[in-house]
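>>> Here is a sequence together with a model predicted from it:
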Amino acid sequence: MAKAKTKKEPKTKKPKVVKTKPTAEQLSDQQRQTLMFSYKRKLKPLLAAEKEAKTDVSQTFEQAKKEGIPKKEILLAIQLESDEGIEKMKAEVERTHRIARWLGVGKQLDLFGAAEKQVSAERNFEDGRIAALNDLPAKPPGHLSQQAADTWLQGHAAGRTSLNTERASSGFKPLSEVVSDLIPDPPPMPANGNAEHVAH
């Protein structure tokens, strides 16, 4: 006759005792002293290696410079080996393009060595707008065709609108408004619509 199997009671796991390190405030003076010497032993050779590495790096950069390779080019090449470095460079290029466009010097920079392209309608418009923002008169460059000059003037008008809006927000008044403020309002007309005669 087979014996009935008895179920084994599951073993209860004892909770692990997590040892927490004492905080800096809880350390005794001797414990702090022991830690200080421990870290000093670890860091002393590392600091010596760091100093030697800095010297080697400096000497290598200097040698590269003598042979015609600037430090910035080497650092740029290393930067572009990582995705993070590429993203950083893209942001830098976009910022350079934006500032150059704002200043109207993109063509002169020729950022990527490409041949200078023919000035587009968009470029003429932007040049006119920049001229207005620089408070220059509405006079397009003489070398532009009639159509290009018209586009330039449209840009100048847009820039002038932006400039006047900015000035108005800062309390600036156009000269015409200043003059009108100085001229007193005419006296009110009498009820019968005729001006009163001044007796001599």
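Structure's in. What do you need?
>>> all strands for this protein, in order.
In order along the chain, the chain carries no strands (DSSP state E).
>>> Mark out where each domain of it begins and ends.
32-76, 83-110, 119-183 (automatic domain parsing).
>>> what would those domains look like in CSV with distance to Thr20 and mean neighbour count?
C-beta here means a position set from N, CA and C on the backbone, and glycine is covered the same way. Listed next are the domains of the chain as CSV, based on distance: least, C-beta to C-beta, whole Å; neighbours: other C-beta atoms under 10 Å:
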stretch, distance to Thr20, mean neighbour count
domain 32-76, 16, 11
domain 83-110, 36, 12
domain 119-183, 60, 14
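>>> Looking at the ones you listed, which is nearest to Glu25?
domain 32-76 (10.4 Å; C-beta to C-beta).
>>> I'd like the average pLDDT over the closest one.
Mean pLDDT, domain 32-76: 95.
>>> Going forward, count from 39.
I'll keep to 39 as the first residue from here, and by that count the last item is domain 70-114.
>>> Can you tell me the closest non-neighbouring residue to Ala176?
His194 (4.8 Å; C-beta to C-beta, 6 or more residues apart in numbering).
>>> Can you name the residues that contact the one you found?
With contact set as C-beta atoms under 8 Å, 6 or more residues apart in numbering, His194 has these partners: Gly166, Arg167, Ala169, Ala170, Ala176, Pro178.
>>> Tell me the confidence at it?
In this prediction His194 is given a pLDDT of 95.
>>> same thing with the one 10 residues further on?
Glu204 carries a pLDDT value of 83.
>>> That one and Gln192, how far apart?
Distance, Glu204 to Gln192, by C-beta to C-beta, to the nearest Å: 19 Å.
>>> where does this protein have its least confident helix or strand?
The weakest-scoring helix or strand in the chain, judged by mean pLDDT, DSSP states H and E, is helix 213-220 (a mean of 55).
>>> about what we covered before: from the contacts of His194, which is closest to Ala62?
Arg167 (61.1 Å).
>>> Is it correct that that closest one is in contact with Thr189?
No: between Arg167 and Thr189 there is no contact under C-beta atoms under 8 Å: 10.6 Å.
>>> Tell me who's in contact with the nearest residue to Gly193 once chain neighbours are set aside.
Of all residues beyond its chain neighbours, the one nearest Gly193 is Gly166 (3.0 Å), with distances taken as C-beta to C-beta, 6+ apart. With contact set as C-beta under 8 Å, 6+ apart, Gly166 has these partners: Ala176, Pro178, Thr189, Trp190, Leu191, Gln192, Gly193, His194, Ala195, Ala196, Gly197.
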